[in-house]
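*Asks:* Sequence plus predicted model, see below.
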Amino acid sequence: MTRTLAPPPRQTIRKVAEPPVRRGATFARPLQYLALLAYVVFLGFPLLFLLSTSLKTPQELQSPNPSFFPKSLTWDNFGNAVTKANLLQAAGNSLLVAALTTVIVTVVSLPAAYALARFRTRLRGIATGWILLSQVFPFILIVIPVFLVLKQVGLVNNPVGLVLVYTVWCLPFALWMLRGYVAAIPVDLEEAGAIDGAGKLRVLRSIVLPLLAPGLVATSMFTFISSWNEFFFALVLMKDPEKQTLPLTLARFVGAEGQVQLGQLAAASLLATIPSLLFFLIIQRRLTSGLMSGAVKG
């Protein structure tokens, strides 16, 4: 007698209902890209305006109804800005002053910021008060005492004196920025490194410094750009045309009677933005590379 096997029961497959597509989500992404494009155009419009103005002829610039885009391209404004105004020498002076100021401010503010964030002493409140007071104090009130002091020590019309002034000027804000970055690093990471047998210097080098990389980059960018664009102290302290910085050289394109060499000024201003852009491109990769790189080191 043969025994027949019963077929297996059918399994009913239930179709999972797909979540309804929101109509707002369909239009949200294009609106985000549109807003981002408008923001990029807003940021890039000054550079585009400088480029357009620098490529125009003097006749077109003096026209009562000039067009936004140049009708005939000319590169004479760039050549005149570089040769007649000693733009390269002024850029070298600004680069030297800005680079030295950035290095000094970063080296001084790094241990000071760590001490303010980690050690609770009486000097912490005094230092914090000095930082906040220095940011609200108008610099025009101290320019005359600064000039007299630097004149007595022979640092007027000297790049070293300008570096000292810029260091004191940028140090409080840089210290405040780095203090916030240090305070954001969990103390547990340092304690875990100490438990694993790492010394204090090893913890600082392998854990704290990699996590502080974005803060160091932001502080360096702020210090460099502030020193590169500063005009007031350089106007008071630097009188020799061969030692003047780039902002003072750009101001010479405006005549005593208010006549502006607009084409050369636009070309020089456009060239003056290149070092800042290059500095940002060089160090911008470190903004995010050190966010959690130190957490896996011990």
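*Replies:* Here it is on my side, so go on. Numbering: from 1, shown residues only.

*Asks:* Just give me how far the one helix or strand Leu133 maps to sits from the chain centre.
*Replies:* Here Leu133, judged by DSSP states H and E, is contained in helix 122-136. How far helix 122-136 lies from its chain's middle: 24 Å, per Cα atoms, centre = their mean, to the nearest Å.

*Asks:* other SSEs contacting that helix?
*Replies:* Packing partners of helix 122-136 (3 or more Cβ pairs under 8 Å, 6 or more residues apart in numbering; DSSP states H and E): helix 87-118, helix 159-184. For every residue, glycine as well, the C-beta is placed using N, CA and C.

*Asks:* Check which helices and strands the first one sits against.
*Replies:* To tie it back to what came earlier, the one meant is helix 87-118. For helix 87-118, the elements it packs on are helix 122-136, helix 159-184, helix 213-229, helix 246-251, helix 262-272, helix 274-283, judged by 3+ Cβ pairs under 8 Å, 6+ apart.

*Asks:* and of those, who's closest to Leu201?
*Replies:* For Leu201, the closest of these is helix 159-184, at 16.1 Å, according to Cβ to Cβ.

*Asks:* And the helices and strands packed on helix 87-118: which comes nearest Ser54?
*Replies:* helix 262-272 (3.8 Å).

*Asks:* pLDDT averaged over the closest one - what is it?
*Replies:* Helix 262-272 comes out with an average pLDDT of 84.

*Asks:* Give the other helices and strands that it contacts.
*Replies:* Contacts defined by 3+ Cβ pairs under 8 Å, 6+ apart place helix 262-272 against helix 23-54, helix 58-61, helix 76-83, helix 87-118, helix 246-251.

*Asks:* can you list the residues that contact that helix?
*Replies:* Contact with helix 262-272 is made by 47, 49-51, 53-54, 56-58, 61, 76-78, 80-82, 84-85, 87, 91, 246, 249-250, 253-254, as judged by Cβ atoms under 8 Å, 6 or more residues apart in numbering.

*Asks:* Then stretch 227-238?
*Replies:* Stretch 227-238 is contacted by residues 94-95, 97-98, 101-102, 139-140, 143, 146-147, 150, 156-157, 161-162, 165-166, 169-170, 244-248, 251, 275-276 when judged by Cβ under 8 Å, 6+ apart.

*Asks:* hmm, which of those residues are the buried ones?
*Replies:* For these, a burial check counting by 16 or more other Cβ atoms under 10 Å picks out 94-95, 97-98, 101-102, 143, 146-147, 150, 156, 161-162, 165-166, 169-170, 244-248, 275.

*Asks:* What is the neighbour count of the nearest residue to Met221 once chain neighbours are set aside?
*Replies:* Distance criterion Cβ to Cβ, 6 or more residues apart in numbering; nearest residue to Met221, sequence neighbours excluded, is Phe280 at 6.4 Å. By other Cβ atoms under 10 Å, 14 other residues sit near Phe280.

*Asks:* Phe280 and Ser220 touch, don't they?
*Replies:* No: contact criterion Cβ atoms under 8 Å: Phe280 and Ser220 do not qualify, at 10.1 Å.

*Asks:* Was I right to think Phe78 contacts Ser54?
*Replies:* Yes: the pair Phe78 and Ser54 passes the contact test of Cβ under 8 Å, sitting 6.6 Å apart.

*Asks:* Might you report the residue contacts of the residue nearest to Gln135 when sequence neighbours are not counted?
*Replies:* Setting aside the residues directly before and after it, Gln135 is nearest to Pro172 in space (Cβ to Cβ, 6+ apart), at 6.2 Å. Applying Cβ under 8 Å, 6+ apart to Pro172 gives the contacts 130-131, 134-135.
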